[in-house]
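Colleague: quick check, what structure comes out for this input:
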Amino acid sequence: MTTIAFETTDLPIIGAPMAGGTTTPELAAAVARAGGFPFVAGGYLSAEALAPLVERMRETTENFGVNLFAPNSVPIDRGAFDAFVSALEPVAADRSVGINPESVDDDDHYTDKVDYLVDNPVPLVSMTFNIPTAEVVDRLHSVGTQVVSTVTTAAEARTAADRGVDALIVQGPRAGGHSGTADPTRSIEDRATVDLVRDVLAEVDLPLAAGGGVDSPESVDELLQTGASAVVVGTLLLLSDEAGTAPTHRAALQSEDFDETQLTRAFTGRPARALVNDFVRKFDPIAVDAYPAVHHLTKTFRAHAKKTDDPQGLHLWAGTGYRSAQTGSAETIVKELGAHFARS
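Modeller: Numbering: from 1, shown residues only. So this is what the prediction gives:
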């Protein structure tokens, strides 16, 4: 079996690619210095914006990955979308925020970014939000790049294996931020990531990393003992010095005012785990499966909440282990998390 790039690091810890500015070049570099596997977060970026981040990563380490959002539009229930818009408009107006009610669709510059990565190969490319096509897998393989797919069910793992990916990232439902599910309309039931890893390993013979709900070295150990080659951490890095986490988000993660997380489609139209705030309480009951349309619809509202330090209107992404997030350097956090599991 081929050795996967994330299996060759000193520590079996992967810094999650948290798109939107959370995974900064400094955070990725800190993960690499600690001996973990760093990712460049390619989501929400054009190929032109991605390129300098990749080149900066090359200056730090030869062993890294780039994560992309694979397109996965779903038919929009126009009536439900319009009802969501009607509910949001007065709330946005109260804050003097304009919103775009058009059901915007886009592919996140996916094709351009794949073209860039074929022309400028990196060690590993991972895909989330959908399983990459066999054609894209073959193109990346042709330039020596390993391809990894995020999966959230054993069925997705079988599909990814059939399309020729080299490895999997198994994401449990307790992970913070967006679920990588290939079916964003499905109901996602709570379960431990170790149970999902067992299901996947029973179905496919591929190396895998796993994450979701990781809150301690004991969580890392359990996933490694279950068969994961590495453990993905994101929420545990949100308070690190190098993370691009907004001050409002940082404060909420440490506040007693926010004491639970929930999977919600309210912010973007795709299931994502966040701290429960007023926005979730008001809009989750009428949330609609419509990514990226809802993402574009609420973008200015969320930007205003960030600018005005309003945690009740901001997407406060967080996994269930958020209370274990620590301040300080990400290098120290990763080292402490993976110290007992250094590869021989």
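Colleague: by contact count, what packs against the strand or helix carrying Lys299?
Modeller: Using DSSP states H and E, Lys299 sits in helix 293-307. Here helix 293-307 touches helix 78-94, going by 3 or more CB pairs under 8 Å, 6 or more residues apart in numbering; DSSP states H and E. Using the backbone N, CA and C atoms, a C-beta is placed for each residue, glycine as well.
Colleague: tell me the contacts of Lys113?
Modeller: 42, 45-47, 50, 68 (CB atoms under 8 Å, 6 or more residues apart in numbering).
Colleague: on that earlier part again, the helix or strand that the helix holding Lys299 is followed by - contacts with which helices or strands?
Modeller: Later in the chain than helix 293-307, the nearest helix or strand by DSSP H and E is helix 330-338. Judged by 3+ CB pairs under 8 Å, 6+ apart, helix 330-338 is in contact with strand 13-15, helix 25-34, helix 217-226, strand 230-233.
Colleague: repeat that for 6 Å
Modeller: Applying 3 or more CB pairs under 6 Å, 6 or more residues apart in numbering; DSSP states H and E, one finds that helix 330-338 contacts strand 13-15, helix 25-34.
Colleague: for Gln225, find the nearest of the ones you listed.
Modeller: Closest to Gln225 of those, according to CB to CB: strand 13-15, at 15.3 Å.
Colleague: what mean pLDDT would you report for the closest one?
Modeller: Averaged over strand 13-15, pLDDT sits at 98.
Colleague: what lies in contact with that strand?
Modeller: With CB atoms under 6 Å, 6 or more residues apart in numbering as the test, strand 13-15 has contacts from 6, 31, 36-38, 209, 230-232, 334, 337-338.
Colleague: before we move on, what about stretch 237-253?
Modeller: 21-22, 24, 26-27, 30, 258, 275, 306, 309, 311, 314, 316, 322, 325, 327, 329-330, 333.
Colleague: quick revisit: only the buried subset of the contacts of Lys113, as a PyMOL command please.
Modeller: Command for PyMOL that selects the buried part of the contacts of Lys113, burial taken from 16 or more other CB atoms under 10 Å:
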select buried, resi 42+45+47+50+68
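Colleague: what's the closest of the contacts of Lys113 to Asn130?
Modeller: Among these, Leu68 lies closest to Asn130 (CB to CB), at 10.0 Å.
Colleague: which one of the helices and strands packed on helix 330-338 lies nearest to Pro217?
Modeller: Nearest of these to Pro217, taken as CB to CB: strand 13-15 at 10.3 Å.
Colleague: quick one: that closest one to chain centroid distance?
Modeller: Averaging C-alpha positions (CA atoms, centre = their mean, to the nearest Å) puts strand 13-15 12 Å from its chain's average.
Colleague: what about the stretch 151-300 of the chain, any weak spots by pLDDT?
Modeller: Judged against pLDDT under 70, the stretch 151-300 of the chain has no low-scoring part.
Colleague: I meant the stretch 1-150 of the chain, not that one.
Modeller: If you take pLDDT under 70 as the line, the stretch 1-150 of the chain has these spans: 103.
Colleague: cheers, nothing more for now.
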